[in-house]
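Colleague: below are the sequence and a predicted model; questions follow.
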Amino acid sequence: MTWRDLMKEMLNRHGTIAGAALAAVGVGAILLAFVSGSGAASQSSLTVNLPPAATDRIYAVPQARGRPIVVIDAGHGGRDPGARSVSGQAAEKDLTLALARELRDDLVKRGRVRVAMTRDDDRYLTLEDRAEVARRLNAAMFVSLHMDSAPNPLARGASVYSLSDVASDPEAARFAALENAGADVRENEGSVKSILSDLAIRAQMNASADLAARLVNKSAGRFELRPNPHRFASFHVLRRAGTAAVLFEAGYISNADDELELRSPQHRSQVALALAQAIEADVAAHSRR
Ligand SMILES: [Zn+2]
């Protein structure tokens, strides 16, 4: 555990912690040094605003000034590798990052949107860290990139998930449970409510379903999709993003053919292009309203 992880777990973000608790965990000396350094040693509690774990850097060409922001979320990272590929040679976290960078570069080059990334390196982020980027930047949409893994080695193809209270099928429920397991303790303690009112969450779900439909549309015929590729489930990260949000599952790394494709830059560039076109179509549809 790194010092930063420790700080994060103890303090939460913007957290308040009682002085007595510090000594109890055995790192009191370090933290007390921190407290006196900030001139707050006499207080019994301490509030620290830590910098965001995720970056708020915006990637855009100058012509895209004022255009909507799309947050690309490369799933997993750091100590959370995600699914392992069938060959054992690739981890989901590396493939999601490669695809995220390709999608970012495409979108920036095309100049119709601005882009932010929850991560652009191999770092661990909680689901809340990820969703928070979309909220902080008031993003127009949030696209989380993942690869699936299933016990059936023949399962393959891409699918798109949008947010729903009820899963569309048992597999969608299984996938959501797998991805939600990355949530940290805070998120599992019943705080994974929407940040929106009931009415607004319906609008968020509808906007997310529209975006998912466009993603399926642009992908069809260009690469392998699963049967019924638009699926629904309750994903924490999508609910908390507070905007149109989808989870794109680019294929099964538990399938040998899909693994080969997902590790191929040529294949990924086709996927990135389809995603970029769908994202732009969605932005265009909203700006016409
Ligand atoms: Zn994943």
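Modeller: Thanks, I have the structure now.
Colleague: flag every residue of the stretch 151-289 of the chain that's near the ion.
Modeller: Contact residues (C-beta under 5 Å from the ion) of the stretch 151-289 of the chain with the ion: there are none. Glycine gets a C-beta too; all of them are placed from N, C-alpha and C.
Colleague: residue ranges with poor pLDDT in the stretch 151-289 of the chain?
Modeller: Counting by pLDDT under 70, the low-confidence segments of the stretch 151-289 of the chain come to 182-194, 288-289.
Colleague: show me the strands in it, by range?
Modeller: 158-163, 225-233, 244-252 (DSSP state E, counting those that start in this stretch).
Colleague: okay, the ones you listed in TSV with mean neighbour count and distance to Gly66 next?
Modeller: Formatted as TSV, the strands of the stretch 151-289 of the chain follow (neighbours: other C-beta atoms under 10 Å; distance: least, C-beta to C-beta, whole Å):
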stretch	mean neighbour count	distance to Gly66
strand 158-163	27	27
strand 225-233	18	31
strand 244-252	28	19
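Colleague: three-state assignment of Arg119?
Modeller: The three-state assignment at Arg119 reads coil, by DSSP: H, G, I helix; E, B strand; the rest coil.
Colleague: right, and it touches Arg101 too?
Modeller: No. Applying C-beta atoms under 8 Å as the test, Arg119 and Arg101 come out as separate, 10.4 Å apart.
Colleague: still on that earlier bit, so which of the strands of the stretch 151-289 of the chain comes closest to Ser197?
Modeller: Ser197 sits nearest to strand 158-163 of all these, at 15.1 Å, using C-beta to C-beta.
Colleague: what is the closest one packed up against?
Modeller: With contacts taken as 3 or more C-beta pairs under 8 Å, 6 or more residues apart in numbering; DSSP states H and E, strand 158-163 sits against helix 170-180, helix 198-219, strand 225-233, helix 236-241, strand 244-252.
Colleague: relative to strand 244-252, how tilted is that strand?
Modeller: Angle, strand 158-163 to strand 244-252, by axes from the mean of the first three to the mean of the last three C-alpha atoms, to 10 degrees: 150 degrees.
Colleague: hmm, who's touching strand 158-163?
Modeller: 148, 172, 175-176, 204-205, 208-209, 211-212, 215-216, 219, 223-226, 228-235, 238-239, 245-251, 271 (C-beta atoms under 8 Å, 6 or more residues apart in numbering).
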